[in-house]
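**Q** need the 3D shape of this:
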Amino acid sequence: MIALFALLVLADVGVAEVRPLVPMPQSVEWMPGCYAPTGKVNIITEKCKVPREGYEIDINRNGIVIRHADSSGLYYAKQTLEQLKDGAKWPCVCIKDWPRFSFRSVLLDDARCFYGKE
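**A** Below you'll find the predicted structure:
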């Protein structure tokens with residue numbers, strides 16, 4: 001359902017190809033147009049108050065601004081930029097994202113592990 005909604009929104013702003021973001025960010029606001037640099041890519045990074053490991057990306061026709069909480073937030077923002085990149089251009093978008101939970105976890109599926117009778 002989210003992918004269909006993203007497809008409809010992207011069609012309205014003129015983005016030719018839909019590439020789902022994995023995982024889906026907390027907030028995505030698509031805008032018309034794209035940033036297609038003719039020379040050096042203009043990326044500005046600055047610290048801001050977002051939750052730990054969080055980031056904000058603003059892409060407009062003039063460049064890309066990344067606001068991040070820490071080095072992990074900057075890393076995740078760069079990964080999102082790579083997902084958005086279409087050749088040498090990026091769609092205009094405002095993304096805000098941070099982890100939903102303050103901890104990381106591992107799921108062990110006991111049904112796939114073999115144990116003895118004891």
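
**Q** all contacts plus neighbour counts: C-alpha atoms, from now on.
**A** Noted.

**Q** quick one: contacts for the residue at minimal distance from the centre of the chain?
**A** Residue closest to the average C-alpha location in the chain (Cα atoms, centre = their mean): residue 80, at 3.6 Å. Applying Cα atoms under 8 Å, 6 or more residues apart in numbering to residue 80 gives the contacts residue 21.

**Q** test for you: state the pLDDT assigned to it.
**A** pLDDT, residue 80: 94.

**Q** residue 111 too?
**A** 71.

**Q** am I right that the residue nearest to the centre of the chain sits in a helix?
**A** Yes. Under DSSP: H, G, I helix; E, B strand; the rest coil, residue 80 sits within a helix.

**Q** excluding chain neighbours, what is closest to residue 93?
**A** Distances taken as Cα to Cα, 6 or more residues apart in numbering put residue 30 closest to residue 93, at 4.5 Å, once the chain neighbours are dropped.
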